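Next comes the sequence, and after it the predicted model I'd like to discuss.
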Amino acid sequence: PARSAETGASSRGASPARAAPDPVETAVRYLAHRPRTVAEVRKHLRSRGCGLTAIALAIARVTHLGYLDDRSYAERFVAAAGGRRPRGRLRLQQDLLRRGVARPIVEQVLAEAFGPEVESAALDRALARAMRGTAWPLDAAARRRIAARLMRGGFRPGQVMQALDTAGDDEAQEDDAIRP
């Protein structure tokens, strides 16, 4: 293979110098796959070699176009939390903060969309899921294992213990109703 006299690079597989990517286009393509936070877009643009000023302008542009909105992202995230893997308020808060949503937005969205009734329903679903295949009455090890799983899911210890006690009471009442 021939070598360039100036750089000494091989002509085979050599690519011309790439121009810096258009930050707005890069951001729009990144957002086309799924909703993202401002922090995620900023990090992506930075990894693509965009400058800080270009990143700020691109974020302002895609925000103005309605493609990027941390509040909307947080609302959708919280609404989806009741799905297959229900999570508690603490876990939702941690997940949103880790994704770069500002704390005031997280707190406001959780206050509006994840009240005590919603969290209680999520805990009931998470408990039912955690207890699948578990025999009653729960021994101490099973109770600790289930409690730990629910607390990792973002439910507060007091809530978890109360839910386990209530579930145990409900199970005992069902057993009494079945017996003649």
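Structure's in. What do you need?

Tell me which helix or strand Ala148 sits in.
Per DSSP states H and E: Ala148 is located in helix 140-152.

Show me what that helix is packed up against.
helix 116-130, helix 157-178 (3 or more C-beta pairs under 8 Å, 6 or more residues apart in numbering; DSSP states H and E). Glycine gets a C-beta too; all of them are placed from N, C-alpha and C.

Now with 10 Å, please.
helix 89-98, helix 116-130, helix 157-178 (3 or more C-beta pairs under 10 Å, 6 or more residues apart in numbering; DSSP states H and E).

CA atoms of the first one as CSV?
The C-alpha atoms that make up helix 89-98 are tabulated as CSV, following Å, rounded to 0.1, in the frame of the first residue of the first chain:
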residue,chain,number,x,y,z
ARG,A,89,-41.1,6.6,45.1
LEU,A,90,-37.5,6.4,46.3
ARG,A,91,-36.4,4.2,43.3
LEU,A,92,-38.2,6.5,40.8
GLN,A,93,-36.5,9.5,42.4
GLN,A,94,-33.1,7.9,42.2
ASP,A,95,-33.6,6.7,38.6
LEU,A,96,-34.7,10.1,37.4
LEU,A,97,-31.9,11.9,39.2
ARG,A,98,-29.4,9.5,37.8
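
so the next helix or strand after it versus helix 89-98, what angle?
If you walk from helix 89-98 toward the C-terminus, the next helix or strand you reach (DSSP H and E) is helix 103-113. Compare the direction of helix 103-113 with that of helix 89-98 by axes from the mean of the first three to the mean of the last three C-alpha atoms, to 10 degrees and you get 140 degrees.
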